[in-house]
Structure formats: structure tokens, C-alpha cells
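**Q** turn this into a structure:
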Amino acid sequence: MYSILGRGSFCFNYCLNSAWHGGDQFVALLRWYGSPGFLDSGLQLICIFWSLVSHRGNAQQKQMLKKKNTICLTEACVTVASKIVEALDRSADPCQDFYQYACGGWVRKNPLPDGRSRWSTFNSIWDQNQAVLKHLLENGTFNSSSEAERKTQSYYLSCLNEQRIEELGAQPLIDLIAKIGGWNITESWDKDNFLDVLKIVSGPYRAQPFFTVGVSVDPKNSNSNVIQVDQSGLFLPSRDYYLNKTNEKVLKAYLDYMVELGLLLGGDKNSTRVQMQQILDFETALANITVPQDERRDEEKLYHKITIADLQVLAPAVEWLDYLNFVLPPLELNDTEPVVVYAKEYLQQVSDLINKTNHSLLNNYMIWNLVQKGASSLDQRFENAQDKLLESLYGTKKVCAVGLCSCQSDNSVAEGMINEIRTAFKDALDDLNWMDEQTRQAAKDKADAIYDMIGFPDFILDSKELDDVYDGYEVTEDNFFQNMINFYNFSARVMADQLRKPPNRDQWSMTPPTVNAYYMPTKNGIVFPAGILQAPFYAQHHPKALNFGGIGVVMGHELTHAFDDQGREYDKDGNLRPWWQNSSVDAFKNRTECMIDQYTQYTINGEHINGKQTLGENIADNGGLKAAYHAYRSWVKKNGEEKRLPAVNLTNDQLFFVGFAQVWCSVRTPESAHEGLMTDPHSPPKYRVIGTLSNSPDFAEHFQCPLGSPMNSGHRCEVW
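**A** This next block holds a predicted model:
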């Protein structure tokens, strides 16, 4: 079969010969593609099938004819079968390395595109979605009465106006720095304005050195918003880049980048390098007191609600009442205003660090935070400097890519699948012998209370509502830098405006084209943007096995997040409170330890995965797969077995697991893989497949993996 797949012309001639002998069905298939010059892989699959069923006089082929009604020969089935076969590596043993079996062919056929540090299904769909937006912005018919649509197009055109961007050069940022009070690296500066600079840089320009300040839902009172303060201040992706000597190459590239930007803004060569080194040393000191992400997973322990007066005692280096009144206008706060602090020890230490650091360095560091945010909107010299740093960090420079696609967003179908998966998840709770009855019932109640948002928010279809959302945001076509600054100002005002309002349950945190999904613990809701509701995750005419293995597992993943090590701390109303019995908490933690140990053993390029950092996503992957598979089996029980795909030679149960795995086919540079291990709460794609499936008894059964094989070791970790 493999040799035939590689010989398109031979296959085409053979198929024509078969058609000559009365292949009406073959002729019909050909018409789908318009001519014999259609996609080679689709032709090959038709040929394979026709060679099996059309040649007369062979007993085996006659038997296949009797079974033709069990094979799906629709255009969608033939096309998707072609893609699945191309992605497979049939030479690999699925019980030894299922990722290689499912994705080996895809990896061979998909070298990293130029300028990309990683490439996967997600990147491909995102590029397609971006191309649709690009096409609409450049060629679409806009609603002349919609001010928001006009602003969108003006912003886009300002970004494309390279001539104007080059004319302005570095001047917009130079002028902004002067307006704030100067920068010792490029000019004289006001030595007594620490708090003023901190307020301006952090507030209207959202740079936020030292710490982050925001307004969001109070985790312990999900019906209200509250001021929240957390650790911040590092430019590189994680603290490890500053503290681990294996990253010296990146630190050197970062310092070179800092110096180059300083020079582009008017700095002296010698003094700029000296002062930038001081800023880097200061960031390293911040990295030393920054709490690692894998130690910040217990939100009950992180949460501290105090008053502004208490915050002043905790971190006296900042005049908090003055600061917060400035960055959260037009509110009039007083010392009794509640604040939720997530990094109590860090704030104490950063206050001490500020007090013992000279004002020149503090000013340099704060303005550097502003420079980082503004540089990407300046001329080509700044982009070239950034590309050098990105190459060190990720192994490649950034580029843009285009294509075309059409998104699907059938809310009723998606909601139906979510409910089927919710039912499967709840049914599985009855089989968990480690969970007490009271907690089990509360978990079912929480699962029932999870609500979903699919496709896009309704307001974007209403011109007046859309205009109201972006009222106050000023945009022009000839100043990209100013448009960006205006947006920072606008978003700061919108955030501050939320403090005295109840949380908006229907507010989205992702845009509709985003190829992703998420769970909101304080709202107990799951969101699936239109961007992910397309192949290979979902297609209306694909087999249900593929849809459940694709978007079904995504849905199960997000639903399971409500019960991972962080999500489980929130009740059905989105409040952070203890609602589990202690015996079930202890049993849950024992099972999560198994999963931490399992994933920590996996390595990429000799580096171990951080099983603590990735725990929540690993729990969601495992629980999502189980719920989606059981939901698929329930669908089959009600509707009967589906027809099988041609030439793939897999049962539909096997197809479910292959469909799941092929979603994660990917390639990436070693630098990007290292960055992912440092920062990503998800395991690398290879182990999202291997780790999850090796814990699945259903997978082992349908691929007949012997006990003791790598994909069926006999030691499974299961939480949900």
C-alpha cells in the first residue's frame, strides 16, 4: 500500500483501467474533484479503494463489495482519510510510541517553515484565520455607520503605513520619554520623581515594573470585582533565564538588545552598555525573589485580602494610596479599600529592594519597561534588533504567513457535544472509589452548573453595542505608535471602570479567531472561540470518531479544568472555598502525585518536564480524553456504528485515538522546546499524546497493546 501511495501516475492509470470496466462509482468520485488533476493524495485513496472493490473475478474483492456499505465514500471522508494516512508512520509500533505512529508522517512532511520556532495544527489554523481577517480588512465591505469598524481598519492601515513609520523613526518614543521626565541613558532626568514615573509607566502605559496591578473578579466573592496585586518585572520568559548558567547565550543576546535599543534612542555607546548591564543585574535580583510558577498552584494559599493601609505596611517603598488612585482613575480610594495580594513575601522583598537601590537605576529600569512596550511599534531598526533576540530565545526570527480558510461555528452542535461529554464525566464520578458521596454529589452539581460560550460574543453583531465597547479609543491612519499608546490608555481606563461594577459573566478573554479554548474558575464557565471550531478539531461531515477525538477532547479538557488541582478549589458558583471533604482532598492529592511523577520522567532534548508546573493541564488532558471517548461510545450506542474511512485500515475506536493524537503533531526548534519547558503549563505535544494514552485502558484495549509495553506499562495514573 505504501508504494502505491507514492506512485500517483501508476495509480491514476490503474484506476482509469478499472473505470473502463464499468466503474460508475469511480467516475462519480472523480467528478468531486473536477478533473484527473485533483489533489494527488485524494486520488490515491480513491484508487486504493477502487482497486479493492472493482476488479472482477477475485473472491476477496467480491467480499469487499459485499461490505462496501460499511465504508464511507463521501468527499469529506475520502479527503480526511487522505490526510490521516499521510500523517501516519505505519512503520512505527503504536504500542511502543503512539506519537511516532500517529505523527511520524506529518513530521517528515512538515519541516519548520522559514522564520518559525514551532509549527503545528494550531499554528496552521491560526495563520488561516489571520489571512481571513487580513482579507476582510483589505477587501471587505465595512458598515459605514459603525465607528468601531472604522477604527479597526484605521488601526490596520496605520500598521501597514511603513513609509510613515520609517519617517517618524524613534522620535515618538523619544518624545514620550521626555514627557515623562527623561531617561539617564539618553538625556537628563528628574532625580526626585520615582513615584511619578512609576505611576505613569504602570498606569496609562501598562508597563508595570516591580508588580502588576489590575481589577478582576474576587475569587472568594465571585459577584464582585476587586483590586489585585501580584509579582512582575521580568522581560525574559521566566526567572530561570536569569538564574540558570545554561542560559548565558540568551542573557548576552538580551544585553545586546538592550544596548542596541538604548543607542537607537540616543544613548552614548559606553555609558549605555554600563547602565544596561546594571538594569540586567537588577532584573536578576528581581528574578531571585520571584516565586516559581510551579510553587504558585495552590490559590487558597496565595490569596491574601488586605486593605490599602495593610499594603502600605507590607511594602512601604511605594505610596500605595497615591499610586492606586492614579492608576485606577477616576475612583477615589481610601485606606480601607480591599486589595487581594497574591505575592505577599515577594512584595515585602521588592519593597526592600527598591529602598536599597539608587534612584538612577530605578528610573532606568522603569523607563526600560516602557521602552520594551513601545519598541515594537517603531521603525525597522527596532524590529531588526528584536529579531536577533528572538533568534537566541526561540531559534528563529518572527515572520508572517498567509492562507485562506472558513471558520465553522454551529452552536447547537457544539452545545450538544458539550452536554454529552458532561454526562460522561458525571457518570465516571460514580466509578471513583476514592471520592466520598458528599463530595461526589457536589462535583456533579458543579459539572451541571458549568455554562458554555461558543463562537463569539453576541455584541459584535450589534453596531451600537460594538461602538459602545470601543467608545473613547482614538485611532488615526498615520501614527501606529500613537494608536498603540492610545490603546494602552484606553484599556487602563476600561479596567479601572470595572471596580465598582459587578463582573460581566459573558465577557470573553479570547478573540473569536483564536485557536484555543479556556475555563473560567471564578465564573465556572468554558469558552470555545470560533477559531478552533474547524478541521481537524471539528467538521460537520467528518466521522463522529474524529470530532469527538478532536473538539470533543478539547471540550472534555476544559470541563476537567473545573476539577484540576486549581479549578477544584472553586465551587459551582465560582467562589474559592473548601467544598471537599478532607478524605477526598487527601485521596485527590495522592493521585496527582502519581501524575507529577509520571510526567517528570519524560524528557525533551535531555531536559525533564516539570510535572508540578504542568499538573493542571495533564489532569485536564487525561480527564478530557476519557470523558470524550465515553461520550463517543454513548453516541454509538444510541445511533449505531459509523461507516469506516477508506484505506485508513482502522476501526472507528482506533480512529478516535488517532484523531486525538494528530491534533498534536508538531515540530519546533531546540530553543523553543527549552523555552516551553521553562514557561508552558502544558506538557510538550509529544507527551500530551503519550502520557494521556498510556493512562487509558480503552486505548490499550483497542490497539491491543500487551501489558508491559511502553503504551501499556501496567502502571496508570488516573484522577478523573
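**Q** setting aside sequence neighbours, what's the nearest residue to residue 142?
**A** In space, and not counting its chain neighbours, residue 142 is closest to residue 149: 4.7 Å by C-beta to C-beta, 6 or more residues apart in numbering. (Each C-beta comes from the backbone N, C-alpha and C, glycine too.)
**Q** in this protein, where is pLDDT below threshold?
**A** 1-68, 398-410 (pLDDT under 70).
**Q** quick check: buried residues in the longest strand along the chain?
**A** Secondary structure of the chain per DSSP state E: the longest strand is strand 221-231. Across strand 221-231, burial judged by 16 or more other C-beta atoms under 10 Å covers 221-222, 225-231.
**Q** for stretch 476-488, same thing?
**A** Buried, per 16+ other C-beta under 10 Å, within stretch 476-488: 477, 479-488.
**Q** which of those residues lies closest to residue 283?
**A** Nearest to residue 283 out of the buried residues of stretch 476-488 is residue 488 (C-beta to C-beta; 21.6 Å).
**Q** got the contact list for residue 305?
**A** 218, 220, 226, 338-341 (C-beta atoms under 8 Å, 6 or more residues apart in numbering).
**Q** follow-up on the earlier one: export the buried residues of strand 221-231 as JSON lines, with columns for distance to residue 253.
**A** Below are the buried residues of strand 221-231 laid out as JSON lines (distance: C-beta to C-beta, whole Å):
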{"residue": "221", "distance to residue 253": "45"}
{"residue": "222", "distance to residue 253": "43"}
{"residue": "225", "distance to residue 253": "40"}
{"residue": "226", "distance to residue 253": "39"}
{"residue": "227", "distance to residue 253": "37"}
{"residue": "228", "distance to residue 253": "33"}
{"residue": "229", "distance to residue 253": "31"}
{"residue": "230", "distance to residue 253": "28"}
{"residue": "231", "distance to residue 253": "24"}
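**Q** and residue 255, how far is that from residue 187?
**A** Distance, residue 255 to residue 187, by C-beta to C-beta, to the nearest Å: 22 Å.
**Q** before we move on, what about residue 603?
**A** Residue 603 is 50 Å from residue 187, by C-beta to C-beta.
**Q** tell me the helix or strand right after the strand or helix carrying residue 656.
**A** Assigned by DSSP states H and E, residue 656 belongs to helix 652-662. Once the chain leaves helix 652-662, the next helix or strand it forms, by DSSP H and E, is strand 666-668.
**Q** what comes into contact with that next one?
**A** Counting by C-beta under 8 Å, 6+ apart, residues outside strand 666-668 touching it are 103, 107, 110-112, 117-121, 676, 685.
**Q** most neighbours among those residues, please name it.
**A** Highest neighbour count within the contacts of strand 666-668: residue 103, with 28 neighbours (other C-beta atoms under 10 Å).
**Q** now do the contacts for that residue.
**A** Contact partners of residue 103, counting by C-beta under 8 Å, 6+ apart, are 87, 89, 661-662, 664-666, 689.
**Q** can you do 6 Å?
**A** Residues near residue 103 by C-beta atoms under 6 Å, 6 or more residues apart in numbering: residue 665.
**Q** how is this structure carved up into domains?
**A** Domain assignment of the chain by automatic domain parsing yields the ranges 2-109, 171-394, 412-453+533-720.
**Q** including distance to residue 139, could the ones you listed go into CSV?
**A** Shown next, in CSV, are the domains of the chain (distance: least, C-beta to C-beta, whole Å):
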stretch, distance to residue 139
domain 2-109, 26
domain 171-394, 25
domain 412-453+533-720, 21
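**Q** please identify the most buried of these.
**A** Most buried of the domains of the chain by mean neighbour count (mean count of other C-beta atoms under 10 Å) is domain 412-453+533-720; its value is a mean of 20.
**Q** find the centremost residue of this protein, please.
**A** The chain has residue 516 as the residue nearest its centroid, 5.5 Å off, counting by C-alpha atoms, centre = their mean.
**Q** and the gap between residue 482 and residue 327?
**A** For residue 482, the distance to residue 327 equals 21 Å [C-beta to C-beta].
**Q** next one: residue 396
**A** Look at residue 396 and residue 327: by C-beta to C-beta, they are 37 Å apart.
**Q** repeat for residue 205
**A** Counting by C-beta to C-beta - residue 205 and residue 327 are separated by 10 Å.
**Q** do residue 296 as well
**A** Using C-beta to C-beta, one gets 23 Å for the distance from residue 296 to residue 327.
**Q** on that earlier part again, closest one to residue 472 among the domains of the chain?
**A** Nearest of the domains of the chain (C-beta to C-beta): domain 171-394, 12.6 Å.
**Q** can I assume residue 119 sits in a strand?
**A** Yes. Checked against DSSP: H, G, I helix; E, B strand; the rest coil, residue 119 lies within a strand.
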